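Q: this one's sequence-less:
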């Protein structure tokens, strides 16, 4: 039996053994190369800022994901973790300096963008999603950081870094800070900044732990080299983690309250002779409330008491339930004949309204048909009388006289012939069309056929 467990333990160790797959030299060189904030990284950061700001402004998830993928902010964070792990103070200082510059530029640029942007969202869900971090964001950043440093360190590179960039969002929270500042909404700004710090600190922590676990070679060469005291690391982590745990507890409580409220309402739609036609569950730490909007007859004391008892089974107290009975009324019992009569009266009113609408539409259609010019009939009669005419076009329009300034209806007839039409034929055509169309305001325009 001991041999069996020993073999299992050896097998498990072989599964998680990574030292043979770690490329220390190339991993360190790659991380140090991405720390520098100059050249191409400056332009890439500018592109990421604009893309993330536009994505948040138009509430577009694909655009925001694009900004996450191209952002270079991850470089200094990995460099900071590597510097701590290898006890390289110069690398730590250089990473912090570039990290601070990137953060400052990102916040400033996004603030200017949102100040100038003419767009405003009624429901900025992507912005709001980055203003209330919880312990779950800590876990995402921590394990995302582990995945990132493992991917950077191994010899055979894959596509893990792209997934890490999406999961541990860095650029969108920074741009949300800019949005909060531009709107003077410090709740947005501080919440988003807190999320960014969570992501940054725990990515760096994961990098530090992985570097120690992989046993990267120590590169410290400063005479004044000092390790970061462990107690300060613990203090910093507690300062970051504790608020996120409190926020997570609040999120869980809110979710439970909303879920219980939905179930309670679904199971108690009918309360005696009234019913719940709408409800609103509002969570707050001090006093969450469930508002019920009722219709039908007035809610009786017995029905209300039964609902209170049902609510208490879901952990919702009496003081948290608010009834709105504006749509209820006290009604006398109606006979079956009265109910049927009221239904018929309602249907008669609806039918009358429909008939009136149909009559109005028929009247408009009749007016339209009366104004329609019978072009086919007139053309046949015209061609039979005047063989020299080859085509005719009739158009109804309006003309305005300079003296009266009132528009008058006018019909223009454009006739085409093989030879020019003389004045006598022109007058006969005009007179005939006036009589035929019943309109004295007819003008004939002649042209030669090509």
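A: Received it, and whenever you're ready, just let me know what you need. Since we're looking at a predicted model, the values are computed, not measured. Residues are numbered from 1 along each chain as shown.

Q: I'd assumed residue 391 was in contact with residue 415.
A: Yes - in this structure residue 415 lies within contact range of residue 391 using Cβ atoms under 8 Å: 7.1 Å. Bear in mind the C-beta positions are built from the backbone N, C-alpha and C, glycine included.

Q: Pick out whichever of those two has more residues nearby.
A: residue 415 (23 against 13; other Cβ atoms under 10 Å).

Q: What pLDDT is listed against the more buried one?
A: At residue 415, the pLDDT value in this model is 79.

Q: Assign a three-state SS to it, would you?
A: strand (DSSP: H, G, I helix; E, B strand; the rest coil).

Q: Counting neighbours, what do you get for residue 301?
A: For residue 301, using other Cβ under 10 Å, the count is 7.

Q: Kindly report the same for the one 5 residues further on.
A: When counting by other Cβ under 10 Å, one arrives at 14 neighbours for residue 306.

Q: Let me know the helix or strand that it is in.
A: Residue 306 belongs to helix 301-313 when elements are defined using DSSP states H and E.

Q: quick one: low-confidence parts of the stretch 101-250 of the chain?
A: 119-134, 155-168, 220-241, 243-244, 247-248 (pLDDT under 70).

Q: one more time with 50, if that's ok
A: 223-224 (pLDDT under 50).

Q: show me where it has helices.
A: 125-128, 135-153, 160-167, 171-182, 186-214, 230-267 (DSSP state H, counting those that start in this stretch).

Q: could you dump these to JSON lines with distance to residue 301 and mean neighbour count?
A: Converted to JSON lines, these look like this (distance: least, Cβ to Cβ, whole Å; neighbours: other Cβ atoms under 10 Å):
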{"stretch": "helix 125-128", "distance to residue 301": "41", "mean neighbour count": "16"}
{"stretch": "helix 135-153", "distance to residue 301": "44", "mean neighbour count": "21"}
{"stretch": "helix 160-167", "distance to residue 301": "54", "mean neighbour count": "17"}
{"stretch": "helix 171-182", "distance to residue 301": "49", "mean neighbour count": "26"}
{"stretch": "helix 186-214", "distance to residue 301": "42", "mean neighbour count": "21"}
{"stretch": "helix 230-267", "distance to residue 301": "19", "mean neighbour count": "14"}
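
Q: Tell me how far residue 357 lies from residue 351.
A: Distance of residue 357 to residue 351, given as Cβ to Cβ, to the nearest Å: 11 Å.

Q: what does residue 202 give?
A: Per Cβ to Cβ, residue 202 is found 69 Å from residue 351.

Q: Equivalent analysis for residue 263, please.
A: 42 Å.

Q: Hmm, residue 54 and residue 114 touching each other?
A: No - counting by Cβ under 8 Å, residue 114 does not reach residue 54; the two are 10.4 Å apart.

Q: Secondary structure class of residue 443, three-state.
A: Classification of residue 443 by three-state DSSP places it in strand.

Q: what pairs with it across the strands?
A: Residue 443 forms beta bridges with residue 412, as assigned by DSSP bridges.

Q: hmm, who's touching stretch 203-211?
A: 74, 77-78, 80-82, 84-86, 141-146, 148-150, 153, 168, 237 (Cβ atoms under 8 Å, 6 or more residues apart in numbering).

Q: pretty sure residue 420 belongs to a helix, no?
A: No - going by three-state DSSP, the assignment for residue 420 is coil, not a helix.

Q: secondary structure class for the residue of the chain most remote from its centre?
A: Here the chain reaches farthest from its C-alpha mean at residue 424, the gap being 73.0 Å by Cα atoms, centre = their mean. Recorded secondary structure, residue 424: helix (three-state DSSP).

Q: what's the answer for residue 316, then?
A: coil.

Q: burial count for it?
A: Neighbours of residue 316 using other Cβ under 10 Å come to 21.

Q: Need the phi and psi values for it.
A: Phi and psi for residue 316, reported as degrees, to the nearest 10, are phi -100, psi 120.

Q: How about the contacts made by it?
A: Per Cβ under 8 Å, 6+ apart, neighbours of residue 316: 257, 260, 261, 264, 290.

Q: Report the two of these separated the most.
A: Farthest pair in the contacts of residue 316 (Cβ to Cβ) is 257 and 264. Separation: 10.4 Å.

Q: Burial check on the nearest residue to residue 175 once chain neighbours are set aside, number of neighbours?
A: In space, and not counting its chain neighbours, residue 175 is closest to residue 110: 4.0 Å by Cβ to Cβ, 6 or more residues apart in numbering. Residues contacting residue 110 under the criterion other Cβ under 10 Å number 27.

Q: Quick check: the closest residue to residue 145 other than its chain neighbours vs residue 213, distance?
A: Excluding its sequence neighbours, the residue lying closest to residue 145 (Cβ to Cβ, 6+ apart) is residue 206, at 2.8 Å. Here the criterion is Cβ to Cβ. By it, residue 206 lies 10 Å from residue 213.

Q: Then residue 304?
A: Distance of residue 304 to residue 213, given as Cβ to Cβ: 62 Å.

Q: returning to that earlier point: so for the helix holding residue 306, what gets flagged as buried?
A: 303, 307, 311 (16 or more other Cβ atoms under 10 Å).

Q: Can you tell me which of these is nearest residue 183?
A: Distances from residue 183 to those, taken by Cβ to Cβ, are shortest for residue 311, at 38.2 Å.
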